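Trainee: compute the structure for the input listed below.
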Amino acid sequence: MARFDVTDAEWALIEPHLPVAAIGPLPRRMRDQFNGIVWRFRTGSGWRDVPERYGSWSTLYGRLNGWSKAGVSVLYPPTLRRQR
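Mentor: Just a heads-up that it's a prediction; the model follows:
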C-alpha cells in the first residue's frame, strides 16, 4: 500500500457508495482505481502521470467520469464527511 492509499477501514466506508454497473463483471481493481484517482488529485498531476500500479490512466478517467455522472463525490464520500 502506498502512502496515501486508503486503509481497509476507510475502504469499508467508501466501497458501498461507489456504483457498479448492473450488467457485466465487477471491477476487480476498484480499490486500486479509487486510490489512483485520489493520487491524481492529491498530487495535481495529469491523468497520464498516474502510476501504472493503479491501472491505466484512461480507465481511471473513465471510472471517475462514470462515478461523477452517477452523482458520487469521490474525494469526500458522505460517510467520511460525517466523521471529520
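
Trainee: which residues does the most centrally placed residue in the chain contact?
Mentor: Nearest to the geometric centre of the chain sits F34, at 1.7 Å (CA atoms, centre = their mean). Applying CB atoms under 8 Å, 6 or more residues apart in numbering, we find F34 in contact with 6, 11, 14, 18, 63, 74. Yep, even glycine has a C-beta here, placed from its N, CA and C like the rest.

Trainee: this structure: helices as residue ranges?
Mentor: Counting by DSSP state H, the chain has helices at residues 8-14, 30-43, 57-69, 78-83.

Trainee: deepest-packed of those, please.
Mentor: The highest average neighbour count among the helices of the chain, using mean count of other CB atoms under 10 Å, belongs to helix 30-43 at a mean of 18.

Trainee: that one vs helix 57-69, what angle?
Mentor: 90 degrees (axes from the mean of the first three to the mean of the last three CA atoms, to 10 degrees).

Trainee: distance of the closest residue in space to T43 that isn't next to it in sequence from D5?
Mentor: In this structure, T43 finds its nearest non-sequential neighbour in D49, 7.8 Å apart by CB to CB, 6 or more residues apart in numbering. Here the criterion is CB to CB, to the nearest Å. By it, D49 lies 17 Å from D5.

Trainee: repeat for P16
Mentor: Taking CB to CB, one finds P16 at 18 Å from D5.

Trainee: what does stretch 59-75 rub up against?
Mentor: 17-19, 27, 30, 33-34, 36-38, 40-41, 47, 50, 54.

Trainee: pull the most distant pair out of those.
Mentor: Among the contacts of stretch 59-75, the pair separated by the greatest distance (CB to CB) is H17 and W47, at 22.6 Å.
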